[in-house]
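Asker: give me a model of this one.
(chains A and B)
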Amino acid sequence: MSTQSTIYLDYASTTPVDPRVASKMMKFLTPDGEFGNPASRSHRFGWKADEAVEEARSHVANLVNCDPREIVWTSGATEADNLAVKGVARFYKSKGNHIITSKIEHKAVLDPCRQLEREGFEVTYLEPSEGGVINPEDVKAAMKDSTILISLMHINNELGSLNDLTKIGNIAREAGAFFHVDAAQSTGKVDIDLSKLPVDLMSFSAHKTYGPKGIGALFVRRKPRVRIEALIHGGGHERGMRSGTLATHQIVGMGEAFRIAKEEMKQDNDKIKAFHEKFLREAMKIEHAYLNGDLENKVPNILNISFNFVEGESLIMGLKDIAVSSGSACTSASLEPSYVLRALGRKDELAHSSIRFSFGRFTKEEDIDKTLSILHNVVERLRELSPLWEMHLDGIDLDTVQWSSH
Amino acid sequence: MAYSRKVVDKFENTLNNPKAFNVGRFDPSEENIGTGMVGAPACGDVMKLQIKCEPQGNTHVIKDVKFKTYGCGSAIASSSELVEMLIGKTLEEAKDIKNKEIVDALELPPIKIHCSVLAEDSIKQAIEDYESKQ
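Answerer: Numbers count the residues shown, from 1 in each chain, chains lettered A, B, ... in the order given. This is a model prediction of the structure:
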């Protein structure tokens, strides 16, 4: 199977590296390039590498409008989330032990929260709206005197739903708690202005924005100052918050990717908005297709749709020349359907039937057209195979059927 | 995906040519039809299997089979595989079919064994339904 003929609509999972980024990265690896250790202070090799790292740091800071000194390099958004959540909780544990997050966070936040519970912290997991948005009033209601941290994502990776960072951040500020935001899905998709947003820590990933895998960053605000306990010790790099030799080529790649994102965000988004509109309009012509997410409150690059009476994994197998992902249990190792879709309070069937389409910089109009045409065809064929569809056509209400569970 | 070529082929052939692969329905109220339906939509798979039988000597023989399956690719492939095994068998022979035979025929990965169990349960239920009518 050639991957060349396969249409890639899974940009929310990862993006290809922009060729401009890859060619810049190449200059920081080989003997004729700038391969030095940025921490080497005694020779030109180190100085040049350090210069490149600091330039990249400025590009990242520039995209989100913060001070470059507020950017800490990490191995990715997962490490940034771990550093923020565990780092703040452990540093400020004498001030309180309560953390607020939500049921639809990425595992990179949920698993550290579980770990903190084992260490004696108390965690509140907020319920999202049916569209996957956190209501700021719910955050307010969950606040306690002991609350030290709120950690919520900006854009949900499965649904594309957007949280209101200003409202939630202001609630945190008033109560004197820190606000961490996982923004792995945000860069290059929506404007982020950290000079105005009441956010204390923000996680970023390079590989969702046409940079390489294995590099990310954590924004740690200087004014008002946020302190964190490091997870990795060994040399005191990154102001002691993250030790380890800096991966110059990876960092340069992230910097270049974010520089391009700032320059081309509008152009990318105009194209993707048009794809979203067309895709949604045409896909929803399929009977019993349901949008998962909040149409009024979402980014256009992610579109999550359930096709009732069809199981998601079989739909993915049917869409064999199209790369998409599903909330279906059968695509996960645990055989549980997506916890994000289940948390929306809809029927499990719809989670089993869900497909996430995500578009990006290299998506072409013909990819959208071809996918829509195959999608219509495959859903129809699978329904012909589906006993549930047959019962539905016979007028049987599936909720009244006594199913044999297994 | 850790699927064998056999699962993929079976799934695709069934999807692309449902009639040739016995997708369809019989009238469940007919006396010579036995219907079994197992699974649940909330669990992600439902199999419906129908057998059409004829008395032969002191037993009954499965003459034709129809099925419909909602589920992952291997659930659909497992039902399709089972259907092929059933035609021409006596009820006694059909009762003896074990899920392991489907696992082996399709080289199902361990995480998909439950699809074959579901297939085995559906034939048991269909035979029970048929026998209750005789």
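
Asker: A:Ser161 and A:Val133, how far apart?
Answerer: Between A:Ser161 and A:Val133 the computed distance is 5 Å (C-beta to C-beta, to the nearest Å). For the C-beta atoms, the positions are set from N, CA and C on the backbone; glycine is no exception.

Asker: of these two, who's got more company?
Answerer: Under the criterion of other C-beta atoms under 10 Å in any protein chain shown, the comparison of A:Ser161 against A:Val133 puts A:Ser161 first, with 29 against 21.

Asker: isn't that one up against A:Leu152?
Answerer: No: judged on C-beta atoms under 8 Å, A:Ser161 makes no contact with A:Leu152 at a distance of 11.4 Å.

Asker: need the longest helix for chain B.
Answerer: For chain B, the longest helix by residue count, based on DSSP state H, is helix B:113-133.

Asker: and it, what's its mean pLDDT?
Answerer: Averaged across helix B:113-133, the pLDDT comes to 93.

Asker: so what sits against both of A:Ser161 and A:Val133?
Answerer: Between them, A:Ser161 and A:Val133 share the neighbouring residues A:294, A:297, with contact defined by C-beta atoms under 8 Å, 6 or more residues apart in numbering or on different chains.

Asker: can you spell out which helices and strands pack onto the worst-scoring helix or strand of chain A on mean pLDDT?
Answerer: Within chain A, confidence by mean pLDDT, DSSP states H and E is lowest for helix A:348-352 among all helices and strands, at a mean of 86. The contact analysis (3 or more C-beta pairs under 8 Å, 6 or more residues apart in numbering or on different chains; DSSP states H and E) places helix A:348-352 against helix A:339-343.

Asker: which residues touch the helix it packs on?
Answerer: Under the criterion C-beta under 8 Å, 6+ apart, residues A:103-104, A:127-128, A:132, A:156, A:158-159, A:292, A:304, A:327, A:348, A:350-351, A:354 lie in contact with helix A:339-343.

Asker: what mean pLDDT does that helix have?
Answerer: Average pLDDT, helix A:339-343: 93.

Asker: can you check stretch A:151-169 too?
Answerer: For stretch A:151-169, mean pLDDT is 97.

Asker: stretch A:303-311 too?
Answerer: Stretch A:303-311 comes out with an average pLDDT of 95.

Asker: near chain A, which residues of chain B? Just list them.
Answerer: When proximity is defined as C-beta under 8 Å from any C-beta of the partner chain, chain B approaches chain A at B:1, B:8, B:11-12, B:14-16, B:18, B:23, B:25, B:37-48, B:68-76, B:111, B:114, B:117-118, B:121.

Asker: could you pull out the helices for the chain?
Answerer: In the absence of a named chain, chain A is used. With DSSP H, the ranges of helices along chain A come out as A:19-25, A:44-64, A:77-91, A:107-118, A:136-142, A:165-175, A:248-283, A:312-318, A:339-343, A:348-352, A:365-384, A:387-393.

Asker: um, chain B though
Answerer: B:5-16, B:73-86, B:91-95, B:99-106, B:113-133.

Asker: out of these, which one sits most buried?
Answerer: Each of these was scored by mean neighbour count; the highest is helix B:73-86, a mean of 26, by mean count of other C-beta atoms under 10 Å in any protein chain shown.

Asker: for that one, what is the distance to the chain centroid?
Answerer: In terms of C-alpha atoms, centre = their mean, to the nearest Å, the centre of helix B:73-86 is found 6 Å from the chain centre.

Asker: got the angle for that helix vs helix B:99-106?
Answerer: Regarding helix B:73-86 and helix B:99-106, their directions subtend 110 degrees when assessed with axes from the mean of the first three to the mean of the last three C-alpha atoms, to 10 degrees.

Asker: just checking, what packs against helix B:73-86?
Answerer: When contacts are defined as 3+ C-beta pairs under 8 Å, 6+ apart, helix B:73-86 packs onto helix A:312-318, helix B:5-16, strand B:45-56, strand B:59-70, helix B:99-106, helix B:113-133.

Asker: now those in CSV, with distance to A:Ile260?
Answerer: Rendered in CSV, the data for the helices and strands packed on helix B:73-86 read as follows (distance: least, C-beta to C-beta, whole Å):
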stretch, distance to A:Ile260
helix A:312-318, 31
helix B:5-16, 38
strand B:45-56, 45
strand B:59-70, 44
helix B:99-106, 47
helix B:113-133, 45
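
Asker: count of neighbours near the nearest residue to A:Met26 once chain neighbours are set aside?
Answerer: Of all residues beyond its chain neighbours, the one nearest A:Met26 is A:Gly33 (7.1 Å), with distances taken as C-beta to C-beta, 6 or more residues apart in numbering or on different chains. The burial count assigned to A:Gly33 is 15, neighbours taken as other C-beta under 10 Å.

Asker: wouldn't A:Gly33 be in contact with A:Lys24 here?
Answerer: No: with contact defined as C-beta under 8 Å, A:Gly33 does not count as touching A:Lys24 (10.5 Å).

Asker: any low-confidence regions in the stretch 1-150 of chain A?
Answerer: Within the stretch 1-150 of chain A, the set of residues satisfying pLDDT under 70 comprises A:1-4.

Asker: contact residues of chain A facing chain B?
Answerer: Counting by C-beta under 8 Å from any C-beta, chain A sits next to chain B at A:309-311, A:313-314, A:317-318, A:320, A:328-330, A:333, A:335, A:337, A:347-349, A:352, A:378, A:381-382, A:384-390, A:398, A:403-406.

Asker: whichever of these end up buried, select them in PyMOL.
Answerer: When burial is assessed using 16 or more other C-beta atoms under 10 Å in any protein chain shown, the buried subset of the residues of chain A next to chain B is captured in PyMOL by this command:
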select buried, chain A and resi 309+310+311+313+314+317+318+320+328+329+330+337+347+348+349+352+378+381+382+385+386+387+388+389+390+398
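
Asker: just give me the neighbour total for B:Pro110.
Answerer: With neighbours defined by other C-beta under 10 Å, the count for B:Pro110 comes to 8.
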